[in-house]
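# Generate coordinates for the sequence data below:
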Amino acid sequence: MSNDAEPGKPDRFSNLCQTRGDQDLADLARGHGLSEAAAGAVAAIDAVMSKVRRSVQRRDFGRLILARIDPSLELSHLDAIIALSAVASDTPQDEVTVGVIAERMGIDPS
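Predicted coordinates:
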């Protein structure tokens, strides 16, 4: 499936977003009055969303994003940054401790 990349240039999206929809779902959508293009789009969106859900569960999507931002970052760094951000916005406090971050991340502070 094309994603409108220029000739000779790599696709803008990873293989995660390149898929074909389930033909049965497309047939069902057509049977409920959707056009051929709309039914194909519904099936393709469903397939991509299924891949995204599986990827999020395996954390592949986070790794892909981090690799594009800065290859030296690790997923655990992103977890800590998100926890820091959440703690800072949840409660006004002068100090954020290791214990507070560990609690937020659901890990042992040691």
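# number of nearby residues for residue 39?
Residue 39: 21 surrounding residues under other CB atoms under 10 Å. From N, CA and C alone the C-beta is placed, and that goes for glycine too.
# any idea which helix or strand carries the residue nearest to it when sequence neighbours are not counted?
With sequence-adjacent residues excluded and distances taken as CB to CB, 6 or more residues apart in numbering, residue 39 is closest to residue 29, at 3.8 Å. Secondary structure from DSSP states H and E places residue 29 in helix 23-31.
# going on from that helix, what's the next piece of helix or strand?
Downstream of helix 23-31 (by DSSP H and E), the next one is helix 36-58.
# where does that next one sit relative to the chain's centre, distance-wise?
Relative to its chain's centre, helix 36-58 lies at 12 Å (CA atoms, centre = their mean, to the nearest Å).
# What residues of stretch 28-48 count as buried?
Neighbour counts over stretch 28-48 (16 or more other CB atoms under 10 Å) mark 29-30, 34, 39-40, 42-44, 46-48 as buried.
# ok so, going back, the residue nearest to residue 39 touches residue 45, doesn't it?
No: the criterion here is CB atoms under 8 Å, and residue 29 misses it with residue 45 at 10.6 Å.
# Packing partners of the lowest-mean-pLDDT helix or strand in the chain?
The helix or strand of the chain with the lowest confidence, counting by mean pLDDT, DSSP states H and E, is helix 75-90 at a mean of 77. Helices and strands touching helix 75-90, by 3 or more CB pairs under 8 Å, 6 or more residues apart in numbering; DSSP states H and E, are helix 60-69, helix 98-105.
# now it and helix 98-105, what's the angle there?
100 degrees (axes from the mean of the first three to the mean of the last three CA atoms, to 10 degrees).
# Next, the buried residues of helix 75-90.
78-80, 83, 87.
# how far away is the residue minimising distance to the centre of the chain from residue 31?
The centre of the chain sits closest to residue 61, judged by CA atoms, centre = their mean, with a distance of 4.6 Å. Counting by CB to CB, to the nearest Å, the gap from residue 61 to residue 31 is 33 Å.
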